[in-house]
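*Asks:* got a predicted model here, sequence first, then my questions.
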Amino acid sequence: MKTKNWLCMSAIALLALALPLIGGTFAQDRDRDRDRDHDHPRFEDHDRQAARGWYNEHHDRLPDGLRDRDRLPPELESRLQAGIVLDHDLRHRIHPVPAELLERLPPCPPHHRYVIIGGHICLIDEGFHVFDVIHFELNL
């Protein structure tokens, strides 16, 4: 009887010690899933609408990077997409996003920035990884 009680008490003690670890694992999985969204930031539909609205309001006086003459040649245009790392040619075509447009976009995640490349707004990180692109049709 003493052995049976000892085994039962040991099992309960082990279970009591294991439960916080199991709960912590679930919490870690939930945190990792939440962080995964931050690892792959994207423009929302509202952001795209705000950017296009700004573009339409300013199409007569567009800044560097958004003018017709800044348009990318087809071979570079095809390389500008989410998931790539900007190559040397595309990095040299980066222009800052105007302050008025930045006001309409949400703040960038840490270590990211908005840039204009060849008539498009891109969300990139410090390593020049492209996370998302708003493509504008020039010549409206």
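*Replies:* Structure received. Numbering: from 1, shown residues only.

*Asks:* how about the most centrally placed residue in the chain, secondary structure?
*Replies:* Against the mean C-alpha coordinate of the chain, by Cα atoms, centre = their mean, the closest residue is Pro41 at 1.9 Å. Secondary structure assignment for Pro41 (DSSP: H, G, I helix; E, B strand; the rest coil): coil.

*Asks:* ok, now how distant is it from Arg67?
*Replies:* For Pro41, the distance to Arg67 equals 27 Å [Cβ to Cβ, to the nearest Å]. Every residue, glycine included, has its C-beta placed from N, CA and C.

*Asks:* neighbours of the closest residue to His111 other than its chain neighbours, how many?
*Replies:* Spatial nearest neighbour of His111, chain neighbours left out: Glu126 (5.1 Å); criterion: Cβ to Cβ, 6 or more residues apart in numbering. Glu126: 9 surrounding residues under other Cβ atoms under 10 Å.

*Asks:* likewise for the one 4 residues further on?
*Replies:* Around Val130 there are 21 other residues, counting by other Cβ under 10 Å.

*Asks:* look up which residues are beta-bridged to it.
*Replies:* Ile124 (DSSP bridges).

*Asks:* and Asp132, what element?
*Replies:* Assigned by DSSP states H and E, Asp132 belongs to strand 130-135.
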